[in-house]
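Peer 1: Sequence and predicted structure, then a few things I'm wondering about:
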Amino acid sequence: MFTNHKISYNQTNSFSKLILDYLDNVTALDNFYNYKPNIKGIKKAVADRKNFPVNRKLLVDTLSNQYATLQISDKLKANIALLSSENTFTVCTAHQPNIFTGHLYFIYKILHAIKLCVELKTAMPENDFVPIYYMGSEDADLAELGEVHIKGYKYKWQTTQTGAVGRMVIDKNFIEIIDSIAGQLAVEKNGTAIVDIVRKTYKEGLTIEKATFHFVHYLFNEYGLVVLLPDDKNLKATFAPIITKELEEQFSEKAVVQTVAAFPKNYKVQAGSRAINLFYLKDNKRERIEAVENGFAISNTNINFTKEEIFLELKNNPERFSPNVILRPVFQEIILPNIAFIGGGGEIAYWLELKNVFTETGAFYPPLILRNSFTILNKQLVQKMQNLRLQYEDIFKPEKQLIDELVLKESKLKLDLEEEKESIKKVYESIKAITGKIDTTLNCHTHSLRTNALNKIEVLEKKMLKAEKKKFEAQQRQIQKFKNALYPKNNLQERVDNILEYLCIYGNEFVDILYKNSQGLENEFTILIEQ
């Protein structure tokens with residue numbers, strides 16, 4: 001059994017100023033999005049979305065084909081059918097097909113989309129809402145997608161395959177990773193059953209896209225989650241006008257540069273734009289399309305096109321054209337009747353730079369919702385917390401601060417010299433009064449002596465604390481172990497750990513636990529506490 005404790009994102013010390021200001025509705029960001037991330041904003045988005053039609057028949061037909069060989073729940077079947085209706089809208093989250101789903105937040109994003117759809121149906125019963133996981137299977141960053149951390153161990157897929165990771169095929173090296181993971185996980189209560197599922201979904205010879213599709217379907221079929229595989233010829237054909245516009249005008253970079261120029265200078269720019277924000281995707285290659293004197297060239301290859309040739313290629317093989325991070329969101333919004341996009345802090349940051357890109361394409365720019373975040377405290381961590389007498393808000397403080405606070409709280413000795421510092425201040429005020437009567441220019445010298453004396457007292461305080469810390473080495477080690485468990489590799493748990501170890505410990509019920517504790521629009525960080 002798990003309970004939860006909510007805290008603000010600000011208290012975690014883990015989110016950028018941009019994201020915190022976005023959640024706080026800071027007016028400096030108002031010009032970079034169209035809808036507030038709240039129920040009022042989404043209701044307005046639903047009303048406006050009706051002016052941005054999508055090809056619903058194509059969407060339903062594509063999904064029906066993609067799911068043709070799978071057993072699907074009644075809920076999922078109904079959701080796919082509902083997409084034919086003009087009163088049905090989607091809540092979308094997107095992610096690449098990291099092996100075994102990668103980090104925990106992959107799962108959190110999907111559950112957030114599912115929960116938000118339920119809440120929106122309650123708020124707007126005249127409409128229906130379908131959760132979508134948009135698989136970014138065209139991403140070619142194997143270094144990122146081919147790595148997973150389980151129980152503190154890093155597993156890396158060694159393969160000579162190149163190009164879009166989703167099109168890569170599971171080989172013997174991949175199966176060896178499963179064998180290694182199985183040895184770690186089989187000792188857990190549900191380990192054997194979960195490893196069996198992994199073996200059934202990640203079969204040798206399957207593409208990563210298909211294997212991820214099967215595994216995500218296994219986890220979320222009963223919730224009615226719709227997985228969309230956008231690496232599809234017919235879906236890409238609907239995007240062809242935008243691809244044409246990009247090739248002819250190279251509009252997206254100009255739009256991003258214009259937005260970034262207007263962006264408040266105290267925020268970090270997230271998205272990197274290129275002259276042409278498209279890749280050419282063929283066989284085992286995904287390379288940039290570049291404009292050259294006589295047409296277009298595909299970087300790192302000998303492939304060249306005249307202007308006429310590339311548009312003929314687009315007409316005949318639209319699936320060979322792949323949007324990058326700048327244009328992928330536009331593709332998503334053109335093929336889905338979307339009214340909310342759920343993303344992490346980094347995703348929201350770069351979407352905020354894309355408003356002009358959406359304006360240029362005439363695509364719908366949806367409300368941007370920060371995904372849910374969790375930190376999981378198992379029984380052992382809860383016990384350590386209690387032993388250290390920590391509050392939930394304390395766990396996000398830096399390790400040094402926790403140790404200092406513990407020593408100050410537990411020590412029986414006086415470790416601060418505040419009273420003495422006040423006395424010194426009074427002494428120097430008295431000296432200043434005397435010297436000032438003699439020569440006012442001595443005031444500066446007196447002030448300098450005062451500052452120097454107080455600085456030396458503060459140095460002494462630090463030395464006193466450092467000396468006293470040596471008496472609390474056992475507690476310091478406990479704090480270090482506690483922080484290492486909560487912050488693997490000095491990062492939030494959700495940005496390192498993988499779902500498999502939790503499924504093996506708690507079973508499929510763990511997904512239900514996460515769902516029950518997921519929020520729709522509350523924008524709070526959740527600490528899950530095992531009882």
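Peer 2: Happy to help now that I have it.
Peer 1: When you work out contacts or count neighbours from here on, use the C-alpha atoms and nothing else.
Peer 2: Will do.
Peer 1: how about the helices of the stretch 51-200 of the chain, start to end?
Peer 2: Assigned helices in the stretch 51-200 of the chain, in chain order: 56-66, 74-82, 104-123, 142-145, 172-185, 191-201 (criterion: DSSP state H, counting those that start in this stretch).
Peer 1: mind putting those in TSV, mean neighbour count and distance to residue 408 included?
Peer 2: As requested, these are arranged in TSV below (neighbours: other Cα atoms under 10 Å; distance: least, Cα to Cα, whole Å):
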stretch	mean neighbour count	distance to residue 408
helix 56-66	16	61
helix 74-82	17	56
helix 104-123	21	36
helix 142-145	16	43
helix 172-185	16	41
helix 191-201	17	44
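Peer 1: Mind checking which residue lies nearest the centre of this structure?
Peer 2: Nearest to the mean C-alpha position of the chain, by Cα atoms, centre = their mean, lies residue 344 at 3.0 Å.
Peer 1: Check which residues of stretch 223-238 are buried.
Peer 2: By neighbour count, with 16 or more other Cα atoms under 10 Å as the criterion, the buried positions of stretch 223-238 are 223-231, 235-238.
Peer 1: Please parse the chain into its domains.
Peer 2: Under the assignment named as automatic domain parsing, the residue ranges that make up the domains of the chain are 2-234+328-373+495-530, 235-253+265-323, 379-491.
Peer 1: For residue 259, find the nearest of these.
Peer 2: Between residue 259 and these, the shortest gap by Cα to Cα is with domain 2-234+328-373+495-530, which sits at 5.9 Å.
Peer 1: Just give me the neighbour total for residue 490.
Peer 2: Here the neighbour count serves as a burial measure; for residue 490 (other Cα atoms under 10 Å) it reads 12.
Peer 1: ditto for the one 5 residues further on
Peer 2: Burial measure for residue 495: 18 neighbouring residues, criterion other Cα under 10 Å.
Peer 1: Also residue 359?
Peer 2: Other residues within reach of residue 359 by the criterion other Cα under 10 Å amount to 12.
Peer 1: swap in residue 423?
Peer 2: Per other Cα under 10 Å, the neighbour tally for residue 423 reads 12.
Peer 1: Report the separation between it and residue 444.
Peer 2: Applying Cα to Cα, to the nearest Å, one obtains 20 Å for the distance of residue 423 from residue 444.
Peer 1: before we move on, what about residue 144?
Peer 2: 58 Å.
Peer 1: Walking through the stretch 351-500 of the chain, point out its strands one by one.
Peer 2: Listed from the start of the chain, the stretch 351-500 of the chain has strands (DSSP state E, counting those that start in this stretch) covering 368-370, 374-377.
Peer 1: which parts of the longest one are buried?
Peer 2: Counting neighbours by 16+ other Cα under 10 Å, one finds that the buried residues in strand 374-377 are 374-377.
Peer 1: Out of the helices of the stretch 51-200 of the chain, the one nearest residue 491 is which?
Peer 2: Taking Cα to Cα, helix 104-123 is the member of the helices of the stretch 51-200 of the chain nearest to residue 491, at 12.4 Å.
Peer 1: Would you agree residue 243 falls within a strand?
Peer 2: No - read with DSSP: H, G, I helix; E, B strand; the rest coil, residue 243 is helix and lies in no strand.
Peer 1: give me every residue that touches it.
Peer 2: Under the criterion of Cα atoms under 8 Å, 6 or more residues apart in numbering, the contact list for residue 243 reads 278, 321.
Peer 1: Distance check, residue 393 against residue 11.
Peer 2: Distance of residue 393 to residue 11, computed by Cα to Cα: 7 Å.
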